[in-house]
Structures are given as structure tokens and as C-alpha cells.
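Asker: Here is a sequence with its predicted model. Questions after.
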Amino acid sequence: MTDAIFNEQNLICKNILQLFSQLNNVYQNALSERQEIIIEFPPEDEEFSLLEEIELLTVNLRGYASQIQSTRQITNKAQAIAHLQSMRIFNVAQIARFYFNSNGKYEQMKNYLRILDYLRLLMLEYLQLQKI
């Protein structure tokens, strides 16, 4: 591994850890919005509510971030890369509707979703650099 790739990996890792910490703070700060969302966006014909969909994505991404935080790697790298590539946050219909159709409202939760997706992309890049 060249020094440039190693340095890039370290920088990405630092960014992942920073976003991972920031994610927790943003989530806590969005408590009142989450309570409104429960009422405003009940599950219609979907299996999960909007918040449950967000939680499913969060649990997966936090799991990967925790592994990177503790070991600087993720077990089953190829499987994790495929999973991260398939976890496009805005491909979840409920999340896309919420994000793009609630103009001027729920800005903290929208910020949370942006951070969550950016975290996903950084972890994907981090794992792909490890393969080199």
C-alpha cells in the first residue's frame, strides 16, 4: 500500500469516526421532530413506518462504523461493500417521499439522513481503498 493511499485511508477513517459521533448528537437533537414524524407519517401500506425504516438503516450503518472505530476494518469486507452499495437511503420510497415532500419542515431529521448517507459513502470508499 502506498503512503498516499494509507494517508487517504487514515483521513477517511477520521471522517467516519467524526460523523459517527456527530450522528448521535443530531439524532438526540431531533427528538421533537421524531415525535411529530410518528404522528405525521404513519405506515400506510408499508411493512415499516418511516422512523422504523430510518432505524433499520441506522443500525446497519452504526454496526459498520463501530467495527471501524474499534478495529479499523470490517469483517466480511466484500459482503459489506455489496451491502453498503445496495443501501441507498433515498431508494427507500418512504424516506424519499419524506425528504423531498416536506419542504421547510423536519430539517434536523433531513440533516440526519444526509449525514447517514454520507457516512455510508465514506465507509464504502474506506473499504474499497483497503482492497487495493
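Answerer: That came through, no problem. No experiment lies behind these values; they were computed from the predicted model shown.
Asker: Does Y106 touch F98 like I think?
Answerer: Yes - in terms of CB atoms under 8 Å, Y106 counts as a neighbour of F98; the distance is 7.3 Å. In short, each C-beta sits where N, CA and C put it, glycine included.
Asker: Show me whatever sits in contact with both of those two.
Answerer: Overlap of the contact sets of Y106 and F98 (by CB atoms under 8 Å, 6 or more residues apart in numbering) consists of I37.
Asker: Tell me which residue lies nearest the centroid of the protein.
Answerer: Geometric centre of the chain, nearest residue: L116, 2.6 Å, by CA atoms, centre = their mean.
Asker: before we move on, what SS does that residue have?
Answerer: helix (DSSP: H, G, I helix; E, B strand; the rest coil).
Asker: What residues does it make contact with?
Answerer: By CB under 8 Å, 6+ apart, L116 lies in contact with L23, I54, L57, T58, L61, I89.
Asker: Of the residues you listed, which is the nearest to Q128?
Answerer: Nearest to Q128 among those is L61, at 16.2 Å by CB to CB.
Asker: could you say what helices and strands the helix or strand where the closest one lies packs with?
Answerer: Element membership of L61, judged by DSSP states H and E, is helix 50-71. Using 3 or more CB pairs under 8 Å, 6 or more residues apart in numbering; DSSP states H and E, the elements in contact with helix 50-71 are helix 3-29, helix 31-40, helix 77-86, helix 93-101, helix 107-130.
Asker: which residues does F41 contact?
Answerer: Going by CB under 8 Å, 6+ apart, F41 touches S49, L50, L51, Q94, F98.
Asker: how close does the nearest residue to the fourth one once chain neighbours are set aside get to S66?
Answerer: With CB to CB, 6 or more residues apart in numbering as the measure, L50 is the residue that lies nearest to Q94, at 4.8 Å, once sequence neighbours are left out. Plainly put, L50 is 24 Å away from S66 if you go by CB to CB, to the nearest Å.
Asker: of the two, who's got more company?
Answerer: Higher neighbour count among L50 and S66: L50, with 22 against 12, using other CB atoms under 10 Å.
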